[in-house]
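Asker: sequence plus predicted model, see below.
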Amino acid sequence: MGVRMKIDRKRVLVTGGAGFLGSYLCELLLKDGHEVLCVDNFYTGRRANIRHLITHPYFEVLRHDVCFPLYVEVDEIFNLACPASPVHYQFDPVQTTKTSVHGSINMLGLAKRVKAKILLASTSEVYGDPRVHPQPETYWGHVNPIGLRACYDEGKRCAETLFFDYHRQHNLRIKVARIFNTYGPRMHPNDGRVVSNFIMQALKGEEITVYGDGSQTRSFCYVDDLIDGLVRLMNSPDDFTGPVNLGTPYEFTILQLAKLVIKLTGSKSKIVYKPLPPDDPKQRQADITLAKKALQWESTTPLEKGLRKTIQYFKELRKEHPR
Ligand code: NAD
Ligand code: UDP
Ligand code: UDP
């Protein structure tokens, strides 16, 4: 007789489930034995990201824009819907704010009606161009409310406000994750983010475009580590709401990243310098003291290892779509 595992099967809604992070989250939730409803309007997400899940008996996809009401029955909601790269979120900035604000209101309204637990994928961008370094959750940030990044930064800040007001006013069980720069396979090759840009440029033998003098810093988290953190946060006790930083304390300059990508791809690409976009944060490093303590979480994948896997993914993608 086979061993029967007792599974506490939940119905989980993942908005933005066809995106980079969402697709890994759907995969992990299915592996853990849950039913997954992936809701996405395919604005920046792709069917290819979830193609391998389509035949799974507990997986369902719904094309839907979270700016409109949604009536379904679920136990947990991961609200990830929102374009995440500056190129994508600045393409239609009004839509970006609507997605964060109207989308969060609808998902919170849904959570309230069905008494579901709900998690927000917020961002280190709520800290803006930070004056405190590294950034702890207690820092209120330094955001330009009328700049080109504001549609994303202020949208997410307002989403956080909504989550905490639904928690205080309606006793909703909420979780807020502040995600720092995350990378890995399934990033969109044209999303303009630094990791995907540098790798694609290196593989094509094109110039590597460093914005500014490349002295600005980021800390890069590998996708598998990040998803583990999101699930731990959802499963944490109800009295733990966050906000909690999910990222790494290992900080690199953008120039260091460019050189590392050139080394790992063996590319002959040359580095060129382009103007720094307005309001581009000068430094960013996650203080993960809280995540370590409350979630027993920290990222374990070194940048070089994660980059190798990501480079391999983009190489294969280029074989399938040579141009
Ligand atoms: P992504 O662009 O790959 O995924 C976002 C998904 O949301 C896409 O599938 C897109 O089609 C979908 N979407 C956008 N607007 C929608 C709408 N109105 N209705 C329904 N679906 C919609 O980006 P990602 O990197 O996977 O980011 C996922 C979430 O994590 C986002 O909320 C983002 O702000 C947050 N985040 C990501 C990072 C990162 O480094 N990747 C960092 C901080 C925060
Ligand atoms: N909502 C939804 N699905 C639900 C319940 C609510 O999309 O299952 C939407 C609803 O359209 C509303 C929003 O969530 O605009 C906020 O709901 P809430 O009950 O908080 O506010 P109200 O309906 O009182 O405006
Ligand atoms: N960047 C760069 N060259 C590129 C793309 C980005 O130098 O081709 C820089 C960008 O100016 C920023 C950093 O890399 O300082 C991270 O950019 P990304 O868009 O990936 O994320 P975010 O700025 O939102 O952290």
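Answerer: Happy to help now that I have it. Ligands and ions are numbered 1, 2, ... in the order given.
Asker: which residue ranges of the protein form helices?
Answerer: Secondary structure of the chain (DSSP state H): helices located at 20-31, 47-50, 86-91, 93-114, 150-170, 194-204, 223-234, 254-265, 289-295, 303-320.
Asker: ok, which of these comes nearest ligand 3?
Answerer: helix 194-204 (3.5 Å; CB to the nearest ligand atom). (Each C-beta comes from the backbone N, C-alpha and C, glycine too.)
Asker: could you export the closest one as CSV, CA atoms only?
Answerer: Only the C-alpha atoms of helix 194-204 are listed here, as CSV (Å, rounded to 0.1, in the frame of the first residue of the first chain):
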residue,chain,number,x,y,z
VAL,A,194,19.5,45.5,-15.4
VAL,A,195,20.1,41.7,-15.1
SER,A,196,18.1,40.8,-18.3
ASN,A,197,19.5,43.8,-20.2
PHE,A,198,23.2,43.0,-19.4
ILE,A,199,22.8,39.3,-20.1
MET,A,200,21.0,39.8,-23.4
GLN,A,201,23.5,42.4,-24.5
ALA,A,202,26.4,40.2,-23.6
LEU,A,203,25.0,37.2,-25.4
LYS,A,204,24.3,39.2,-28.6
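Asker: wait, does it contact ligand 1?
Answerer: No. No part of helix 194-204 sits close enough to ligand 1 to count as contact by CB under 6 Å from any ligand atom; the gap is at least 9.0 Å.
Asker: pull out the buried positions in that helix.
Answerer: Within helix 194-204, the residues that qualify as buried by neighbour count (16 or more other CB atoms under 10 Å) are Val194, Val195, Ser196, Asn197, Phe198, Ile199, Met200, Gln201, Ala202, Leu203.
Asker: avg pLDDT for stretch 138-152?
Answerer: When the per-residue pLDDT values of stretch 138-152 are averaged, the result is 98.
Asker: leaving out sequence neighbours, find the closest residue to the residue of the stretch 201-323 of the chain found nearest ligand 3.
Answerer: Per CB to the nearest ligand atom, Tyr211 is where the stretch 201-323 of the chain lies closest to ligand 3, at 3.6 Å. Nearest residue to Tyr211, sequence neighbours excluded (CB to CB, 6 or more residues apart in numbering): Leu276, at 4.8 Å.
Asker: per-residue confidence for that neighbour?
Answerer: We have a pLDDT of 97 for Leu276.
Asker: ditto for Met5
Answerer: pLDDT at Met5 comes out at 56.
Asker: low-scoring stretches of this protein, by residue?
Answerer: By pLDDT under 70, the low-scoring segments of the chain are 1-7, 323.
Asker: pretty sure Gly229 is one of the things Trp297 touches, is it not?
Answerer: Yes. When contacts are counted by CB atoms under 8 Å, Trp297 is listed as touching Gly229 (4.8 Å).
Asker: common neighbours of these two, please.
Answerer: Among the neighbours of Trp297, those also in contact with Gly229 (CB atoms under 8 Å, 6 or more residues apart in numbering) are Leu246, Ala291.
Asker: okay, now Gly45: neighbour count?
Answerer: When neighbours are counted by other CB atoms under 10 Å, Gly45 registers 23.
Asker: right, and Cys67 touches Gly103 too?
Answerer: Yes. Contact between Cys67 and Gly103 holds when scored by CB under 8 Å: they sit 5.7 Å apart.
Asker: those two: who's more crowded?
Answerer: Gly103 (26 against 16).
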